[in-house]
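Visitor: below are the sequence and a predicted model; questions follow.
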Number of protein chains: 2
Amino acid sequence: MSKPSPTRTVDRSHAEALDAADPLASWRDEFVINDPELVYLDGNSLGMTPKRTVAAVRDVVETQWSGDLITSWWKHDWLNLPLVVGDELAPIIGARPGEVVVNESTTVCLFQLVNVALDLGSDDERRGGVVAVEDTEFPTDRYVVDGIARLRPGVRVRSGLTDLDGVDVVVRSLVDYRTAALHDMAAETARAKAAGAVTVWDLSHTAGVVPVDLTTAGADLAAGCTYKFLNGGPGAPAFSYVRSELHDRLRQPIQGWFAQQDQFAMDEPFSARHGMAAMMNGTPQVLGLTAARSGISVTADAGIDAIAAKAHALANYTLDLADALGLRTSTERPPASSGGHVSVNHPDATELQVQLADRSIIVDKRDPDVLRLGLSPLTTRFVDVHTALTTLHELCDRAPIRS
Amino acid sequence: MSKPSPTRTVDRSHAEALDAADPLASWRDEFVINDPELVYLDGNSLGMTPKRTVAAVRDVVETQWSGDLITSWWKHDWLNLPLVVGDELAPIIGARPGEVVVNESTTVCLFQLVNVALDLGSDDERRGGVVAVEDTEFPTDRYVVDGIARLRPGVRVRSGLTDLDGVDVVVRSLVDYRTAALHDMAAETARAKAAGAVTVWDLSHTAGVVPVDLTTAGADLAAGCTYKFLNGGPGAPAFSYVRSELHDRLRQPIQGWFAQQDQFAMDEPFSARHGMAAMMNGTPQVLGLTAARSGISVTADAGIDAIAAKAHALANYTLDLADALGLRTSTERPPASSGGHVSVNHPDATELQVQLADRSIIVDKRDPDVLRLGLSPLTTRFVDVHTALTTLHELCDRAPIRS
């Protein structure tokens, strides 16, 4: 489709035509829509509820737990749920079977993986090292790294990734949570490797919206969440990825009984299971895993390539419309980036978010001046973007604009 | 009630009379019973499903998440759920408001608390220390401690708790998971303190069945799970307790954005929130927390004192009946212990567990020879114990007994 004129772009019928031509349009029917009037542009923070998740959670609570009780750990394979769900997520991020586990929170997964990364290069698990992280990185990533440096003597944190000389571990989000900028995973992994560093990729703002191929990119370690574009539910468990070739050298710091080789022997000293099972900790959170698994299955069924293509189209449309309306954005134009959201900057962002919410338009805000418009391809329509941006434009016209 | 004769004890009508006189008997109706014939004596591993939990989980998935989406973090106070549920659990274990958080797995909570304990005594968070743990302790507790010793130079593990000279941290279950032996929390906490050690109590086999008064006992740190006697659901989040007087010295190793003072400012270096909020990590697991909260409310409503009294009566009855039937037990007679289960020892335990299951009687097994009969006061009837033990007695008569 050739690029329409600005006049055509602001016309609502253009958005309607894009929706009519959208091959993923019918997937919206797979989600619970309690309020048809709601314009929800925050699926990058919390994805909507798949209808199949309602059924899956009812089944696990009302049939498996209620009926089969303790025997469910074997009968329904709850014992291996983190690995089973990991294998179902793997193709979506270009991982191979046995390379992903879904478990605990992103914070805990990052804590584990940064420690794994520090200990990869040495037989002495207690060695030090330099961990590099951007000072604009998502907070949890920075906080986790600082906490590890406090805990482990010899571990130091360096701010910034321009010069990686002397760096042992890089911690980095593939998509910037403010600007949606998408980094080149293969090139940046290789650059770190050339400097002798291993990279821990944070895919929280990536998984389920951007095509990621961990295998081809040569990525070693990654973590991410399942409650954004993967629609896994509030506080759904996070995932960890460790490249197969590193599994022989995988030691993680939080040693729990689910990582133990003969879990129910209970008499032995700790001896970690091989592969991603070594990344397990305590008893898996079955309810959260069930919702995560269901959300992941929606993305798997719709197809990540089709989803990524629509994310790209949505981002292009949003930027074109913002331009046509004279709104200021800090998101680079795709294909340089298409990280599933577009950031509109305005000094009155806080007040504008409230005014939009009063009109049933939900967007996210990040200090100081960013309105994040989350574009979740399975649930976001082009007309939703049109409604949000034209309303925002009207509100800006009404309010004094400070910049 | 005076103790009945062995002949009277083995009579089923005696069990029926005990059930008829049980003030908690009607609480069983508050749980989902899919199979009325099932004799479930494994509530010490996975508690049954409260009916109110079915409603609560449906509400959080189908109304809150589906309808209110991202706004639920504020509208339904999801942001503070770990602290809110912690405050609701607190009275059940004798903690004060603001001393408990419910979050992550028991393994992760123990990892955090042992690190907290190591760092309490010093301004230098990186100091070493000696952690003492029984070699018969529950596996996760031992594994976690070994992992910390591997991670932190200067931390050493000592096996056994007889001599605490030179010990800095004691890690200990209040109830032994094999024998149900119940330790004296106040006396053992004081003995450790006299030796200069702080104790991390594991209340996993305790919470919701044994009366625990952390405040009066002078306990400093504790963790435990909510999926056993608290009926919180499979893999429900665990709890951490830190005595208020220690909150000023509370630093934990896994620094996530939910522990950050101004969480959504996102620009600042890490500065922990005060109190138990400092023990939070990543995004709270809302589904698991909802089920845990619901299970905890059942125990709160029934009353921990009434529950503990019935646990005591059930344990007494089980031991009396086992004695009368000539079955060998390794559980001390209450009140020396009443940890919510009775262990019957038999060399054919593995086979007997299967044969009992074939007869719809579910008990737990722990190597090498322990059949654990979980006595969960809100769901276990005296006739359940009668059915289980008389059936076990018949099976033992039939099978060759090796010891």
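Guide: Now that the structure is in, tell me what you want to look at.
Visitor: contacts and neighbour counts: CA atoms only from here.
Guide: OK.
Visitor: packing partners for the biggest helix by length in chain A?
Guide: Across chain A, the helix with the greatest residue count (assigned by DSSP state H) is helix A:304-325. Counting contacts by 3 or more C-alpha pairs under 8 Å, 6 or more residues apart in numbering or on different chains; DSSP states H and E, helix A:304-325 packs against helix A:6-10, strand A:341-345, helix A:382-398.
Visitor: could you identify which of these is most buried?
Guide: strand A:341-345 (a mean of 26; mean count of other C-alpha atoms under 10 Å in any protein chain shown).
Visitor: which residue sits closest to A:Glu134, ignoring its sequence neighbours?
Guide: Nearest residue to A:Glu134, sequence neighbours excluded (C-alpha to C-alpha, 6 or more residues apart in numbering or on different chains): A:Gly160, at 4.4 Å.
Visitor: quick one: contacts for the closest residue to A:Asp202 other than its chain neighbours?
Guide: What sits nearest to A:Asp202 in space, not counting adjacent residues and going by C-alpha to C-alpha, 6+ apart, is A:Ser173, at 4.3 Å. Shown in contact with A:Ser173 (C-alpha atoms under 8 Å, 6 or more residues apart in numbering or on different chains): A:137-138, A:201-205.
Visitor: what kind of secondary structure is the closest residue to chain B within the stretch 101-250 of chain A in?
Guide: Nearest residue of the stretch 101-250 of chain A to chain B: A:Gly235, at 4.0 Å (C-alpha to the nearest C-alpha). For A:Gly235, the assignment made with DSSP: H, G, I helix; E, B strand; the rest coil gives coil.
Visitor: A:Ser105 is in contact with that one, correct?
Guide: Yes: using C-alpha atoms under 8 Å, A:Gly235 is in contact with A:Ser105, at 7.5 Å.
Visitor: mind listing the shared neighbours of those two?
Guide: Contact criterion C-alpha under 8 Å, 6+ apart; residues shared by A:Gly235 and A:Ser105: B:283-285.
Visitor: can I get these in a markdown table with secondary structure, distance to A:Ser13 and pLDDT?
Guide: A markdown table is the format used below for the shared contacts of A:Gly235 and A:Ser105 (DSSP: H, G, I helix; E, B strand; the rest coil; distance: C-alpha to C-alpha, whole Å; pLDDT from 0 to 100):
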| residue | secondary structure | distance to A:Ser13 | pLDDT |
| --- | --- | --- | --- |
| B:Thr283 | coil | 40 | 95 |
| B:Pro284 | coil | 41 | 97 |
| B:Gln285 | coil | 41 | 97 |
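Visitor: would TSV of those with distance to A:Asp305 and neighbour count be doable?
Guide: Shown next, in TSV, are these (distance: C-alpha to C-alpha, whole Å; neighbours: other C-alpha atoms under 10 Å in any protein chain shown):
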residue	distance to A:Asp305	neighbour count
B:Thr283	28	25
B:Pro284	30	25
B:Gln285	29	26
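Visitor: with distance to chain A added, can I get those in JSON lines?
Guide: Output for the shared contacts of A:Gly235 and A:Ser105, formatted as JSON lines (distance: C-alpha to the nearest C-alpha, whole Å):
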{"residue": "B:Thr283", "distance to chain A": "5"}
{"residue": "B:Pro284", "distance to chain A": "5"}
{"residue": "B:Gln285", "distance to chain A": "4"}
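Visitor: which among those gets closest to B:Cys225?
Guide: Nearest to B:Cys225, judged by C-alpha to C-alpha, of the shared contacts of A:Gly235 and A:Ser105 is B:Gln285 at 14.7 Å.
Visitor: can I get the helices and strands packed on helix A:304-325 in TSV with mean pLDDT?
Guide: What follows is these, written out as TSV (pLDDT from 0 to 100):
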stretch	mean pLDDT
helix A:6-10	87
strand A:341-345	90
helix A:382-398	94
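Visitor: tell me where chain A is predicted with low confidence.
Guide: A:1-2, A:121-127, A:334-338, A:399-403 (pLDDT under 70).
Visitor: ranges for the strands of the stretch 101-250 of chain A?
Guide: A:129-133, A:155-159, A:169-173, A:198-202, A:221-224, A:239-242 (DSSP state E, counting those that start in this stretch).
Visitor: what segments of chain A are helices?
Guide: Under DSSP H, chain A gives helices at A:6-10, A:12-20, A:51-59, A:72-75, A:81-89, A:106-120, A:139-151, A:185-194, A:214-217, A:286-302, A:304-325, A:349-358, A:382-398.
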